[in-house]
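Participant: show me how the following folds:
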Amino acid sequence: MDNNKLETISNLFEGSEIRSIWDSEKEDYYFSVVDIISALTESNNPRNYWNTLKRRMTEEEKSELYAKCVQLKMKSQKDGKSYLTDTLDTQGILRLIESIPSPKAEPFKLWLAQMGKERIDEVFDPELAVNRAVDYYRSRGYDDKWIKQRLTGVVDRRKPTDVWKERGITKNVEYGILTNEIYKEWSGMKASEYKEFKGIRKESLRDNMMDIEVTLTDLGEIATRELAQEHKPYGLKENIKIAQMGGNVAKVARDNLEEKLGKTVITKNNALNYKYLDDNKLDKPKKLKSANKKNLKEKNNTEESNE
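Facilitator: Okay, here's the model as predicted:
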């Protein structure tokens, strides 16, 4: 899948205008449901199609929908005004595509099946995943030296997480907290803030770092791993202190280098120097929790009912 998720989804719909909003907290896009339906069905009234589709859903399907569906304000393609409209994140949109009985949806279903097959193949032969990663990076313009460094970094990234697991860290959110402590200590930014600084969203932060930034990140993680093995912390609180110590090792190295260079080594540049052209961002999404809520009824004060 393309590194730019927005570009990937847009390409799938062959140029159809699909409105989207970026949620920086969740690090995912919300896409307009009626735009997706319009692109797939060419219905004259995608809102009615959406209502009919919801009525035909099983209770289990409806429950899944209500857990994922979010109403957000988007500019109408007709009058330019902003109205509440049903949206789904990337996973929700892919599930929606599976529910649409339209010939235009079949290529998407075949694509999803192919993606699923590739993932299953990779379970039995992990080398396939490595080869696909190499092909992907080459297609994006990365040279073989960079690719080798990146893949080596992926392997090395497992080492601190393995140590953390031995030291009582088991939840993904805890791994994220410790990683952020390393980043904050040497760069002054959490991973999400660093990505925003570089102007990237779903893309891998490491894929968009310059060589020195990657090296400092690696140094912070290696130092954290060695310190954890030496001091043997246990639990989140103790490991946070060690992560801060490891990040500080990288900070000292950064400060020394910047003093000699006379400039900062942290740059807004990303690996391929691209940027997002849209600025639709979400502050606080409002989730739809119940089938009986007013904003999920077929007739409501939404964009679709005004079109």
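Participant: any low-confidence regions in the stretch 201-307 of the chain?
Facilitator: 271-307 (pLDDT under 70).
Participant: where along the protein do the helices fall?
Facilitator: 5-12, 33-41, 46-55, 59-68, 90-99, 106-124, 126-139, 144-166, 172-187, 191-198, 211-231, 235-261, 303-306 (DSSP state H).
Participant: and the ones you listed, which one's lowest on average pLDDT?
Facilitator: Note on the helices of the chain: helix 303-306 shows the lowest mean pLDDT, a mean of 46.
Participant: got CSV for the helices of the chain, with distance to residue 76 and mean neighbour count too?
Facilitator: Every residue, glycine included, has its C-beta placed from N, CA and C. Below are the helices of the chain laid out as CSV (distance: least, C-beta to C-beta, whole Å; neighbours: other C-beta atoms under 10 Å):
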stretch, distance to residue 76, mean neighbour count
helix 5-12, 19, 16
helix 33-41, 10, 23
helix 46-55, 12, 17
helix 59-68, 23, 14
helix 90-99, 20, 17
helix 106-124, 25, 12
helix 126-139, 37, 13
helix 144-166, 43, 14
helix 172-187, 37, 19
helix 191-198, 28, 18
helix 211-231, 42, 19
helix 235-261, 47, 17
helix 303-306, 5, 18
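Participant: dump the ones you listed to JSON lines, plus distance to residue 270.
Facilitator: Converted to JSON lines, the helices of the chain look like this (distance: least, C-beta to C-beta, whole Å):
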{"stretch": "helix 5-12", "distance to residue 270": "14"}
{"stretch": "helix 33-41", "distance to residue 270": "28"}
{"stretch": "helix 46-55", "distance to residue 270": "36"}
{"stretch": "helix 59-68", "distance to residue 270": "30"}
{"stretch": "helix 90-99", "distance to residue 270": "21"}
{"stretch": "helix 106-124", "distance to residue 270": "25"}
{"stretch": "helix 126-139", "distance to residue 270": "14"}
{"stretch": "helix 144-166", "distance to residue 270": "13"}
{"stretch": "helix 172-187", "distance to residue 270": "15"}
{"stretch": "helix 191-198", "distance to residue 270": "5"}
{"stretch": "helix 211-231", "distance to residue 270": "10"}
{"stretch": "helix 235-261", "distance to residue 270": "19"}
{"stretch": "helix 303-306", "distance to residue 270": "34"}
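Participant: could you export stretch 208-219 as PDB, CA atoms only?
Facilitator: What follows is stretch 208-219 as a C-alpha-only set of coordinates in PDB (Å, rounded to 0.1, in the frame of the first residue of the first chain):
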ATOM      1  CA  ASN A 208      11.600  10.500   6.700                       C
ATOM      2  CA  MET A 209      14.600  11.200   8.900                       C
ATOM      3  CA  MET A 210      18.000  12.400   7.600                       C
ATOM      4  CA  ASP A 211      20.900  10.100   8.400                       C
ATOM      5  CA  ILE A 212      22.000  11.900  11.500                       C
ATOM      6  CA  GLU A 213      18.500  11.900  12.900                       C
ATOM      7  CA  VAL A 214      18.200   8.200  12.400                       C
ATOM      8  CA  THR A 215      21.600   7.700  14.100                       C
ATOM      9  CA  LEU A 216      20.700   9.800  17.100                       C
ATOM     10  CA  THR A 217      17.400   7.800  17.400                       C
ATOM     11  CA  ASP A 218      19.300   4.600  17.200                       C
ATOM     12  CA  LEU A 219      21.800   5.800  19.800                       C
END
